[in-house]
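S.K.: Fold the following for me, if possible:
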Amino acid sequence: MLRAGVPVVLHNGRSCALRLAGSLLHVVGLPQMMCQDMASCGALALSLATARPRRWAVAQPLAGARLTSPLFSNAYLAPQLEAPCNRMRTRDAAASAADHLPAA
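M.R.: Numbering: from 1, shown residues only. Sure thing, here's the model as predicted:
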């Protein structure tokens, strides 16, 4: 959703998915989109749905982040994913035993 420029309203929670989504909102500079309870989450979503200036105020920083944040940079992310894959391929070719494979 963020990549498409659609702001996300999020309830702070303990699940992995909610913590990850909260981290992504911080990375793109939208921590105000995280709510403490479901009532404030609904109120924020309603205000965004009914107030164009409010939506615009959220959309502008998101549009800027899409151009500058490493979160949206394939040039940054691709090597981060390729490196562990290359190490796995090397270990497999050498018939190495299974072991922990750090990301870096």
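S.K.: The residue minimising distance to the centre of the chain sits in which helix or strand?
M.R.: With distances taken as CA atoms, centre = their mean, residue 24 lies nearest the centre of the chain, 3.1 Å away. Here residue 24 sits within helix 16-27, counting by DSSP states H and E.
S.K.: Tell me the helix or strand right after whichever strand or helix holds residue 67.
M.R.: Per DSSP H and E: residue 67 is located in helix 52-68. Later in the chain than helix 52-68, the nearest helix or strand by DSSP H and E is helix 74-93.
S.K.: Name the residues of that following helix that come out as buried.
M.R.: Residues of helix 74-93 classed as buried by neighbour count (16 or more other CB atoms under 10 Å): none. In this view, the C-beta of every residue, glycine as well, is placed from N, C-alpha and C.
S.K.: quick one: average confidence on that helix?
M.R.: Across helix 74-93, the average pLDDT comes to 83.
S.K.: what's it packed up against?
M.R.: Using 3 or more CB pairs under 8 Å, 6 or more residues apart in numbering; DSSP states H and E as the contact test, no helix or strand touches helix 74-93.
S.K.: Could I have the CA atoms of that helix written out in CSV?
M.R.: Output in CSV follows, covering the C-alpha atoms of helix 74-93 (Å, rounded to 0.1, in the frame of the first residue of the first chain):
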residue,chain,number,x,y,z
ASN,A,74,15.4,-1.8,-5.4
ALA,A,75,19.1,-0.8,-5.9
TYR,A,76,19.5,-1.0,-2.1
LEU,A,77,17.2,-4.0,-1.4
ALA,A,78,18.4,-6.4,-4.2
PRO,A,79,21.9,-6.8,-2.9
GLN,A,80,20.5,-7.3,0.6
LEU,A,81,18.5,-10.3,-0.7
GLU,A,82,21.1,-11.6,-3.2
ALA,A,83,24.0,-11.9,-0.7
PRO,A,84,22.4,-14.6,1.6
CYS,A,85,21.1,-16.4,-1.5
ASN,A,86,24.7,-16.5,-3.0
ARG,A,87,26.1,-17.8,0.4
MET,A,88,23.4,-20.5,0.4
ARG,A,89,24.3,-21.5,-3.2
THR,A,90,28.0,-21.6,-2.3
ARG,A,91,27.4,-23.8,0.8
ASP,A,92,25.2,-26.1,-1.3
ALA,A,93,27.8,-26.4,-4.0
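S.K.: No further questions, thank you.
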